[in-house]
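1. Sequence and predicted structure, then a few things I'm wondering about:
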Amino acid sequence: MTKILIAEDQADLREMIAQSLRLSGYDVVTTEDGERAYQQAKSIQPDLIILDYELPRLNGSQVCQKLKAMGSFSETPVVIISSYGNPFYMETSMAAGAKAFIRKPFELDHLTEKVNALLSS
């Protein structure tokens, strides 16, 4: 089963995303901070990672950059979600290795479609 790691510090949003992806047939693991996301990714080797930009301890861009520096994550798609509209955050995320940047608020269907597309490419 395809594994997805979600790191989002807002519990309600984290659970809504997780539930939506579980209903789409994915095995989902969740966490609420960047350092835990980094450690869990190394441990479970997910097929795709969703990171909130503004996470405690390490932000989503920093987690992405640290993982991409490891050879085993060079091909793992990372999606960063953020309430920040400033292009700086998207540019920073993409430079860190993210494959997609989705601005909050977003439709869960849109996120699921993006996940499906990234996993099938």
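-> Noted; the coordinates are in hand.
2. Please count neighbours and contacts with C-alpha atoms only from this point.
-> Will do.
3. What's the local residue count around the residue nearest to residue 105 when sequence neighbours are not counted?
-> Closest residue in space to residue 105, ignoring its immediate chain neighbours: residue 83 at 6.9 Å, by C-alpha to C-alpha, 6 or more residues apart in numbering. Residue 83 has 14 neighbours, counted by other C-alpha atoms under 10 Å.
4. Test for you: state the pLDDT assigned to residue 83.
-> For residue 83, the pLDDT comes out at 95.
5. likewise the one 5 residues further on?
-> Confidence per residue is given as pLDDT, and for residue 88 that number is 94.
6. Over to residue 71?
-> Looking at residue 71, the pLDDT reads 88.
7. Next, give phi and psi for residue 75.
-> phi -100, psi 0 (degrees, to the nearest 10).
8. which residues does the residue nearest in space to the middle of the chain bridge with?
-> The chain has residue 50 as the residue nearest its centroid, 1.1 Å off, counting by C-alpha atoms, centre = their mean. Beta-bridge pairing of residue 50 under DSSP bridges involves residue 6, residue 79.
9. correct me, but it touches residue 80?
-> Yes - using C-alpha atoms under 8 Å, residue 50 is in contact with residue 80, at 5.8 Å.
10. any idea how far residue 102 is from the residue of the chain most remote from its centre?
-> In terms of distance from the mean C-alpha position of the chain, residue 86 ranks first, at 18.9 Å (C-alpha atoms, centre = their mean). In this view, residue 86 and residue 102 are 12 Å apart by C-alpha to C-alpha, to the nearest Å.
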